[in-house]
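>>> Fold the stuff below for me.
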Amino acid sequence: MRRRSLGTAPLFVARCARLRYARGVSGAIAIVEDEQNIRDTVAFALRREGYQVTAFADGAAAWEAFQRSLPDLVVLDIIMPRMDGLELLRRIRSQSATLPVIFVTSRDEEIDRVLGLELGADDYLCKPFSMRELMARVKVLFRRLALAAHPGDDAEQLLEVGRLTLDLRRYTAIWEGSPVPLTVTEFMILRALARRPGHVKTREQLMDEGYPHDTFVSDRTIDSHIKRLRKKFLAIDAGFDRIDTVYGLGYRWAEGKA
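Numbering: from 1, shown residues only. Next comes the predicted model:
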């Protein structure tokens, strides 16, 4: 199994991952999870899909291995012995800003979930989750890597709404020429709003867009996603005001604003 040295520059690391996956080589995935039944189930499901999988029971063991070589993607639990997922993510991000990370959390870990996304996780899943949903998220993240390796392949599928541009193939967003760093879930929620400017999307509808595989999420989770979306746009444009709250109903992408 060929892997990358952790000491390699992050940009070169990202390019290697993209090229490796784009050439048809199965991605290398690390699972960091202290619950053995979950760890074994996820590892089995990923291997069945053709991925190369390494499993770790705690963050310290994973970090020791990551210092020698990085995987292409990490599925990471938050609460673990020896080193928790948040600390491991901090260390990963100190070495690579682009390595895809999916957090796996319990439903009552809202604060940790938000912190994990702020630290740079690409997405998260709430326990219990279906293997179907995990596979969907993994495939989207690997698809991002593969498409980045071949930017000229096929015509881009773009959704342009005023100053917002969404690349529907690469799951990327551009606001006024600047990239907006979104998780997969955030992108899907934003896409749902932007496709129908001026139309209200209920929280239930946004749940269906962001979590399309029958996963339970609360209204508060959707509100948290909207809050982070606004924060990310405001970091680029201090006057951003396109996501409206329609009290008692949901949210909409506002049209007609300057």
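>>> Name the spans of the stretch 151-258 of the chain whose pLDDT lies under the cut-off.
The stretch 151-258 of the chain contains residues with pLDDT under 70 at 151-156, 211-219, 256-258.
>>> Show me the strands in it, by range?
Assigned by DSSP state E, counting those that start in this stretch, the stretch 151-258 of the chain shows strands spanning 158-161, 164-167, 172-175, 178-180, 201-202, 243-246, 250-253.
>>> quick one: which of those strands is nearest Arg230?
strand 243-246 (5.6 Å; Cβ to Cβ). Yep, even glycine has a C-beta here, placed from its N, CA and C like the rest.
>>> Who are the packing partners of the closest one?
Packing partners of strand 243-246 (3 or more Cβ pairs under 8 Å, 6 or more residues apart in numbering; DSSP states H and E): helix 219-236, strand 250-253.
>>> coming back round to it: for the strands of the stretch 151-258 of the chain, could you give me JSON lines that also reports mean neighbour count and distance to Gly50?
Output for the strands of the stretch 151-258 of the chain, formatted as JSON lines (neighbours: other Cβ atoms under 10 Å; distance: least, Cβ to Cβ, whole Å):
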{"stretch": "strand 158-161", "mean neighbour count": "13", "distance to Gly50": "31"}
{"stretch": "strand 164-167", "mean neighbour count": "19", "distance to Gly50": "26"}
{"stretch": "strand 172-175", "mean neighbour count": "18", "distance to Gly50": "26"}
{"stretch": "strand 178-180", "mean neighbour count": "15", "distance to Gly50": "30"}
{"stretch": "strand 201-202", "mean neighbour count": "18", "distance to Gly50": "36"}
{"stretch": "strand 243-246", "mean neighbour count": "14", "distance to Gly50": "38"}
{"stretch": "strand 250-253", "mean neighbour count": "21", "distance to Gly50": "38"}
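>>> would you turn the ones you listed into JSON lines with distance to Phe103?
Formatted as JSON lines, the strands of the stretch 151-258 of the chain follow (distance: least, Cβ to Cβ, whole Å):
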{"stretch": "strand 158-161", "distance to Phe103": "27"}
{"stretch": "strand 164-167", "distance to Phe103": "24"}
{"stretch": "strand 172-175", "distance to Phe103": "20"}
{"stretch": "strand 178-180", "distance to Phe103": "20"}
{"stretch": "strand 201-202", "distance to Phe103": "25"}
{"stretch": "strand 243-246", "distance to Phe103": "24"}
{"stretch": "strand 250-253", "distance to Phe103": "24"}
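>>> Asp208: how many residues sit nearby?
The number of residues packed near Asp208 is 14, by other Cβ atoms under 10 Å.
>>> mind checking how far it is from Ile189?
Plainly put, Asp208 is 10 Å away from Ile189 if you go by Cβ to Cβ, to the nearest Å.
>>> swap in Arg48?
From Arg48 to Ile189 the distance is 30 Å (Cβ to Cβ).
>>> got it, and Asp167?
Using Cβ to Cβ, Asp167 is found at 16 Å from Ile189.
>>> wait, which of the strands of the stretch 151-258 of the chain is closest to Ser224?
strand 250-253 (12.5 Å).
>>> still on that earlier bit, among Arg48 and Ile189, which residue is more densely surrounded?
Applying other Cβ under 10 Å to Arg48 and Ile189 shows that Ile189 carries more neighbours, namely 26 against 11.
>>> ok, that one touching Leu206?
Yes: Ile189 is within contact range of Leu206, at 5.3 Å (criterion: Cβ atoms under 8 Å).
>>> Find the residues that touch each one of these two.
Residues within reach of Ile189 and of Leu206 at once, by Cβ atoms under 8 Å, 6 or more residues apart in numbering, are 222, 225.
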